[in-house]
Structure formats: C-alpha cells, structure tokens
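A.B. asks: sequence and predicted structure below; questions after.
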Amino acid sequence: MNWPATDRYELEVSPGGLGFVHDLLNTLSAGKPRETDLLAEVADAQRWLDAALDRWAEATERPAERVELTADDVEHLRDLRDELQAATGHAAEDAGALPSAPVLLQPGPDGWLRPEPRGTGWRRVASIVLIEVLEAQRADRWRRLKTCRNNRCAVAFYDRSRNNSGVWHNVQVCGNAVNLRAYRARMRSQQNG
C-alpha cells in the first residue's frame, strides 16, 4: 500500500509514522504539473484520510480508527497543513506553533509509555501528527522532512542526503529552474548595470 498524496510526486516517503505527516503536507496543489489539492473538498479529503490512515496503521503497527470529516474539519486540516509547511520550509525558524490536540499516554507491554491519538475529526488527525512529529524529533528525523525551496513548487520531501543539505524535492525539476532564473536575473542586472 502506498501513501496517496506523496506518491503523486514519485517521492520516497519519510520512514515510519512520519510518512503520515509527509503525506499530509503533500495533499496541497503543488508540483509541475500542478496536482489537485486533496483537501479542497470533503469527499476528496475523506478519501485521502482513509487511505493515509490505513498506511499509517501499517507503518506503525497501530490500529487506525476511521475518522469522519466535516467541512469544518477539512478547513482545520488545511490550517494544520499550512502550519506544518511553515515548520518544514526554508524559514522554519519563523514558523508558528502547531495546534494542540489530545494525546493519551498508555503503558505498553514493556512498561514504556506510548502516546496514543485521541479526539475526533481534525483533532484526531492533529493528534497523530503531533505524536509523529515528537517521535521524529526523538529519532532525529524531523529535521529531514522539508518543503522544496522552490516557492512555485512547495512539495514536501524527506532529505536522505548524508549531511541533510537537500533543498529541492527534485533537483532536475526545481533546482535547475530556480538556478536558471537566478542566472538570467544576474545576466540582466549585468547588462543593465
């Protein structure tokens, strides 16, 4: 089973449950050519969420309860996506706070506390997101989930470079286009200056 939003961009998804956050980021209308926004309509958002929750359950070996979305929930999910995009963008230090959501700490069979998502609608989705961001931070993977530096693109990608230096979701598509625009701007400036 694949991640429904990220697969549209032919990208390798983030490891484990962070893939859910990665996929939520890639529900937006992005890429070249532009893909549709999977959170634009309630029906599309529900289809995305059903598939993403199934994939999350598989990746984390946790049960995933079905979440019914309303129009209000979808609006909140778009806001959550925007906050996540700011947190993973090249100006992440200026990002605002992610919304709060209920999380239950449940003792596991090994005695360790395990965070479990709670809530309904968008709050349950936010709960999963917060759990996965926390887990990714603890495993030092969060800093590798990034948004493409090409502002015309905004596709989220997981930076697998050795030194975590990637800035483009696809160097041939976005990197070359941005570098070409910068080169042409420098040439125009030199000709006019």
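C.D. replies: Structure received.

A.B. asks: hey, let's count contacts and neighbours off CA atoms from now on
C.D. replies: Will do.

A.B. asks: contacting residues for the residue nearest to residue 164 when sequence neighbours are not counted?
C.D. replies: Using C-alpha to C-alpha, 6 or more residues apart in numbering and skipping the chain neighbours, the partner closest in space to residue 164 is residue 144 (6.4 Å). Listed by C-alpha atoms under 8 Å, 6 or more residues apart in numbering, the contact set of residue 144 reads 158, 159, 160, 164.

A.B. asks: name the member of those residues with the most neighbours.
C.D. replies: Neighbour counts for the contacts of residue 144 (other C-alpha atoms under 10 Å) peak at residue 158, which has 24 neighbours.

A.B. asks: for burial, what's the neighbour tally of the residue lying closest to it once chain neighbours are set aside?
C.D. replies: Excluding its sequence neighbours, the residue lying closest to residue 158 (C-alpha to C-alpha, 6+ apart) is residue 145, at 4.6 Å. For residue 145, the neighbour count with other C-alpha under 10 Å is 26.

A.B. asks: and residue 106, how far is that from residue 117?
C.D. replies: Counting by C-alpha to C-alpha, to the nearest Å, the gap from residue 106 to residue 117 is 10 Å.

A.B. asks: more neighbours: those two, which one.
C.D. replies: Each of residue 106 and residue 117 has its neighbours counted (other C-alpha under 10 Å); residue 117 has more, 21 against 12.

A.B. asks: ok, what's across the strand from the more buried one?
C.D. replies: Counting by DSSP bridges, residue 117 is bridged to residue 103.

A.B. asks: next one, pLDDT for it please.
C.D. replies: Per-residue pLDDT puts residue 117 at 95.

A.B. asks: and if you look at residue 92?
C.D. replies: For residue 92, the pLDDT comes out at 56.

A.B. asks: same deal with the one 5 residues further on?
C.D. replies: Residue-level confidence at residue 97 comes out at 79, pLDDT.

A.B. asks: next, count neighbours for it.
C.D. replies: By other C-alpha under 10 Å, the residues close to residue 97 number 11.

A.B. asks: and residue 120, by the same measure?
C.D. replies: 18.

A.B. asks: measure it to residue 82 for me?
C.D. replies: Taking C-alpha to C-alpha as the measure, residue 120 falls 20 Å from residue 82.

A.B. asks: same thing with residue 25?
C.D. replies: For residue 25, the distance to residue 82 (C-alpha to C-alpha) stands at 8 Å.

A.B. asks: what's the answer for residue 119, then?
C.D. replies: Note on residue 119: its distance to residue 82, by C-alpha to C-alpha, is 21 Å.

A.B. asks: likewise residue 100?
C.D. replies: For residue 100, the distance to residue 82 equals 15 Å [C-alpha to C-alpha].

A.B. asks: between the two, who's got more neighbours?
C.D. replies: residue 82 (17 against 10).
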